[in-house]
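**Q** Here's a sequence, model it:
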Amino acid sequence: MPGGRLTQQERQQIAVGLADGLAYAEIGRRLDRPTSTVTREVMRNGGPTAYRADLAHRATERRAHRGKRVVARKAVAAPQVDGRDAEAVREYEELFTTVLMGSGVPKMMARVLSCLTITDAGSLTSAELVQRLQVSPASVSKAVAYLEEQGLVRRERDERRRERYIVDDDVWYQSMMASARSSAQVVLIARQGAGVMGRDTPAAVRLENIARFVDFVSESIVRAAEQGRAILQTRPGGASGEGSGGAAGVDS
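**A** This next block holds a predicted model:
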C-alpha cells in the first residue's frame, strides 16, 4: 500500500470516483489507499459535492508550507499516555473534525467537540481547550455555547470550582432529544402557516406535507433514541461493566 501524500493524479481519480457516485471505500481500493485517507481528503477540501482535484492539491501544498513552521513546536509536544501514537491520534482528531464539519457542525465547534471526545476523561476546562487547540478563550466560549445549545456538551464545576465542559455517552441522547424538540417547532410553525395560507391552497398543502413529514421523522427519532439509550449503558460487544447500572434494562 503506497504511503505519503496523495499525488495530483490520485486526487483527479478521487474526483472522478465522486462524480461516478463511488463510495469512499471503493475509491480507496482503486487507489490502494485506506478509506480514512480518502474520507479525510474529501471532507477537508469541500466535501463530496464540492471537491475539486486541482484546488485540493493547491490547498494541501499551502498547508504543507505552513506546517514546516510548526515542526519545532510539534517536536516538543507532550507524549501521549497509554503508549498511543501521537501522530495517529492527531490525524484521527483531524479526520473526526472534518467529518463533523461535513455533517454541518461549524469548524471551531467541530474542533472543540472532537477534542473533548477523544480525551479519556471526556472533559476539559476552557484553559485546557485554549492550550490544546491554540485558539482564543472567546473562540472556545462561543463554540461551547453552540454545542451546549445543541445538547452535545454540558457544564460542571470540579472540586477546584473550575467550569469543565463534558462530553459523555448521555450527551448524544440529549442531542437527539434536542433535535426532536427543534423539529417539533418546525411542525408547529408549518401547520400555523397552512392555516394562514388557506387550507386548500398549494402553499398550505405544501406546508401541511412538511409538517406531516417532519412530525413523523421527529417521532421516529424520539422512539429510536429511547430504545438506543440502552446501547450507551453497555460496553461494546454487549457486555456491561460491573456496577454500570445499565445492564438490567437491556433485555428488550
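
**Q** Chain neighbours aside, what residue packs nearest to Gly102?
**A** Met43 (4.7 Å; C-beta to C-beta, 6 or more residues apart in numbering). Every C-beta, even on glycine, is put in place using the N, C-alpha and C of the backbone.

**Q** Could you report the distance from the one you found to Leu133?
**A** 19 Å (C-beta to C-beta, to the nearest Å).

**Q** Next up, phi/psi of Val105, please.
**A** Dihedral pair for Val105: phi -80, psi 130, per degrees, to the nearest 10.

**Q** quick one: contacts for it?
**A** The neighbours of Val105, taking C-beta atoms under 8 Å, 6 or more residues apart in numbering as the test, are Leu113.

**Q** Quick check: can you list the domain ranges of this protein?
**A** As given by automatic domain parsing, the domain ranges for the chain are 8-75, 81-166, 169-233.

**Q** Least confident of those, on average?
**A** Per-stretch mean pLDDT for the domains of the chain is lowest at domain 8-75 (a mean of 80).

**Q** And Met43 and Leu133? Which one has more around it.
**A** Met43 (21 against 17; other C-beta atoms under 10 Å).

**Q** hey, where'd the helices end up in the stretch 151-252 of the chain?
**A** Here the stretch 151-252 of the chain has its helices, by DSSP state H, counting those that start in this stretch, at 169-197, 202-228.

**Q** Dump the ones you listed to a markdown table, plus mean neighbour count and distance to Ala59.
**A** Compiled in a markdown table, the helices of the stretch 151-252 of the chain are given as follows (neighbours: other C-beta atoms under 10 Å; distance: least, C-beta to C-beta, whole Å):
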| stretch | mean neighbour count | distance to Ala59 |
| --- | --- | --- |
| helix 169-197 | 16 | 31 |
| helix 202-228 | 14 | 36 |
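
**Q** Nearest approach to Arg162 belongs to which of those helices?
**A** Closest approach to Arg162 among the helices of the stretch 151-252 of the chain (C-beta to C-beta): helix 169-197, 19.3 Å.

**Q** by contact count, what packs against the closest one?
**A** helix 202-228 (3 or more C-beta pairs under 8 Å, 6 or more residues apart in numbering; DSSP states H and E).

**Q** Packing partners of the helix it packs on?
**A** helix 169-197.

**Q** mind checking how far the helix it packs on is from the chain centre?
**A** 21 Å (C-alpha atoms, centre = their mean, to the nearest Å).

**Q** swap in stretch 159-167?
**A** 22 Å.

**Q** Return the alpha-carbon coordinates of it using PDB.
**A** What follows is stretch 159-167, C-alpha atoms only, in PDB (Å, rounded to 0.1, in the frame of the first residue of the first chain):
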ATOM      1  CA  GLU A 159     -13.500  20.300  43.100                       C
ATOM      2  CA  ARG A 160     -11.500  23.400  42.400                       C
ATOM      3  CA  ARG A 161     -14.600  25.300  41.300                       C
ATOM      4  CA  ARG A 162     -13.400  25.400  37.700                       C
ATOM      5  CA  GLU A 163     -16.000  25.100  35.000                       C
ATOM      6  CA  ARG A 164     -15.500  21.900  32.900                       C
ATOM      7  CA  TYR A 165     -17.000  21.100  29.600                       C
ATOM      8  CA  ILE A 166     -18.100  17.500  29.400                       C
ATOM      9  CA  VAL A 167     -18.900  15.100  26.600                       C
END
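
**Q** for the residue nearest to Gly102, phi and psi?
**A** phi -70, psi -30.

**Q** so is Gly104 in a helix, a strand, or just coil?
**A** Going by DSSP: H, G, I helix; E, B strand; the rest coil, the secondary structure assigned to Gly104 is coil.

**Q** Would you report the backbone torsion angles of it?
**A** phi 110, psi 0.

**Q** Now do it: how many residues are near it, please.
**A** So Gly104, with other C-beta under 10 Å, has 7 neighbours.
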